[in-house]
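[1] Okay, structure incoming, though there's no sequence with it:
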């Protein structure tokens, strides 16, 4: 009897160890993760000149409320800690350090703005804390060799430039291209993308390339000389105010080129309307998210899903703003990466999973656009679709075009 | 405390709890230094970093206070001098490879020259008109830093990333601890100089100009020279703070030095107490920590909460923290 009892106990103990063993080996945590919680840090400009972007942070917060209400990610609640940086790089450094050193978050997600992200990039990489899916279109966020802890999300300016190049090569192979661009990294990124896309032909196709300074009052004289250069394709790389001026001026002087307007300025309300719908007709641009004001999507399952989320978790949020669509979609991307990470919630594994997104389709991405990343590809969204302004709204046309990684 | 007759007014040295005022001052100073010395060994790196920033802001506010508090000139443009100091440090360290230690005196000289030159034409302006002229400076600086002419040096909108210095001589300190020590040492030098300046003949001239420019002029004070010099010295202080700030943050970009910073310095000045040197420390702490407190109360209404806190502070301390302390001391002394 005694023997059997001992054997029984031993076998129970053995079984318990065997059962616990793999579970213990699987569950791995870095600061900010536990059996019940995942802490995610974020900075957004809730105050100051760029506070309109704060809507993105609020949407992400609402999305994680939804995730938590539905049971969390692999049973863990998301604790989303978001601080105001007022679009000021020193404040961003302070707040991010607070997130990492005081709140001890697992990762920092979607810090917004190129200057703020530049300010924290070295710190994040030296601390080996993920700086994940940053909210800027600069090309430098996809550089896994030098900054393995930093990853972008939206299509880069260079990728978009390449998409326009592909469009030109296909539809206007003998085009004479005139470029107007803002004289900073944003403008130059676009021009580089276009030139890379055109390849050898860039030298012969581009007839004029004019910069403007953000401090300039107007771009009228540039438009006049672009017309004078004989260009029949106009690549308009400008921020909203200048984009409206350029469209208006081109219309006034009777210049009717194929007008390619960068995604940065394709807002109907703040660019095309002030420029005049008559003048804006037939302007071309690109998109990658479903425009919530576009009636095309009224019966779309993805948009319905998004509307249901907005109604339930963010009723005060602006349903006509692309920022709420953006926040919703980027938060879903992170949720997917964390889901893939399973019980191995180390910073290294989160980074690894973020770099192993394959064919991820999300409800508010345009049909056909997928998120793909790999150990060498830190550019999650690289596809866009061309769209044309009908005089009232944007209308998508053609296929989804891939821009390819910009950093190469 | 024993009640005594009112003749204590006749006692030459005011006392609190039986200790003379000058001795109190030394005690407080000593206690302050002990706290400052203890901070790097007690707090976590992140908090050390925050206090370093607060001290840096305090130096900048001290610069503004020399101008506004002691000389009666208004400035809403000190973010510009802060920026110039910061960029001087960043360009020297990253483009020229010069040690961070040397950036402090160079930033001081560069900013003094800028401040002095800006002060010359600005002299013709009084009060709010001067405030407006300096405001223009604050608005212009971020744009100037972005301009393509200077881009080779300033890095344009991208700014300049600086490598954070480590502790020298193999001291067993983290870089945050070392930067704290370095900033405190610089701050002590700056505060001692400011105290001596204000107590000197020059300081009395500055104050005389503030109180009554015509009388000051009649006394033989060269009003325009002193005003320009004060502007220069004020810019020097703020520039040194900017250089330290650039090193501590290890990044400069035009968006770091907007008009918001100029207003923050002005708020710190008023909260700490106009024409008070120790008050600037309170101002520095306020500028750094109160926005965070406001945000922790309510994220959506952080700006409103900050405004309410500011109103309450101004209502309770209409003459700033320094005024409150002075009031407290006078009450304690009277009770004696």
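    Everything's here; your move. Since this is a predicted model, take the numbers as computed values, not measurements. Residues are numbered from 1 along each chain as shown, chains lettered A, B, ... in the order given.
[2] OK, now which residue of the stretch 1-150 of chain B is nearest to chain A?
    Closest residue of the stretch 1-150 of chain B to chain A, C-beta to the nearest C-beta: residue B:46 (3.7 Å). C-betas here are computed from N, CA, C, even on glycine.
[3] Measure how buried that residue is and give me the count.
    Using other C-beta atoms under 10 Å in any protein chain shown, residue B:46 has 17 neighbouring residues.
[4] Next up, identify which helix or strand it is on.
    Assigned by DSSP states H and E, residue B:46 falls within helix B:45-71.
[5] Spell out which parts of chain B neighbour chain A.
    B:44-47, B:49-50, B:53, B:143, B:146-148, B:156-159, B:161, B:245, B:249-256, B:258, B:260-261, B:291, B:295, B:299-300, B:302-303 (C-beta under 8 Å from any C-beta of the partner chain).
[6] So which of those sit within helices?
    B:45-47, B:49-50, B:53, B:143, B:146, B:245, B:249, B:260-261, B:291, B:295, B:302-303 (DSSP state H).
[7] can you list the weak-confidence ranges in chain B?
    In the predicted model, chain B carries pLDDT under 70 at residues B:1-14, B:17, B:148, B:334-336.
[8] can you pull out the helices in it?
    Using DSSP H, helices in chain B cover B:21-42, B:45-71, B:78-90, B:100-122, B:127-146, B:151-154, B:175-199, B:201-211, B:213-218, B:223-249, B:259-272, B:279-297, B:302-316, B:320-335.
[9] Burial-wise, tell me which of these comes out on top.
    helix B:78-90 (a mean of 31; mean count of other C-beta atoms under 10 Å in any protein chain shown).
[10] which strands and helices sit next to that helix?
    Applying 3 or more C-beta pairs under 8 Å, 6 or more residues apart in numbering or on different chains; DSSP states H and E, one finds that helix B:78-90 contacts helix B:45-71, helix B:100-122, helix B:127-146, helix B:223-249, strand B:251-252, helix B:259-272.
[11] Any idea which of these gets closest to residue B:85?
    Checking those against residue B:85 by C-beta to C-beta gives helix B:223-249 as the closest, at 2.8 Å.
[12] Would you mind naming what in chain A lies close to chain B?
    Counting by C-beta under 8 Å from any C-beta, chain A sits next to chain B at A:46-49, A:82-84, A:86-90, A:93-94, A:97-98, A:100-102, A:113-115, A:118-119, A:121-123, A:183-186, A:211, A:213-215.
[13] which one is the residue of the stretch 1-150 of chain B closest to chain A nearest to, not counting chain neighbours?
    Of all residues not flanking residue B:46 in the chain, residue A:101 sits nearest, at 3.7 Å (C-beta to C-beta, 6 or more residues apart in numbering or on different chains).
[14] distance of the one you found from residue B:182?
    For residue A:101, the distance to residue B:182 equals 20 Å [C-beta to C-beta, to the nearest Å].
[15] Point to the helix or strand of chain A where mean pLDDT is at its lowest.
    In chain A, the helix or strand scored least confidently by mean pLDDT, DSSP states H and E is helix A:2-26, which has a mean of 52.
[16] Please list the outside residues in contact with the helix or strand just after that helix.
    Sequence-wise, the next helix or strand downstream of helix A:2-26 (DSSP H and E) is strand A:28-29. Strand A:28-29 is contacted by residues A:343, A:344, A:345, A:346, A:349 when judged by C-beta atoms under 8 Å, 6 or more residues apart in numbering or on different chains.
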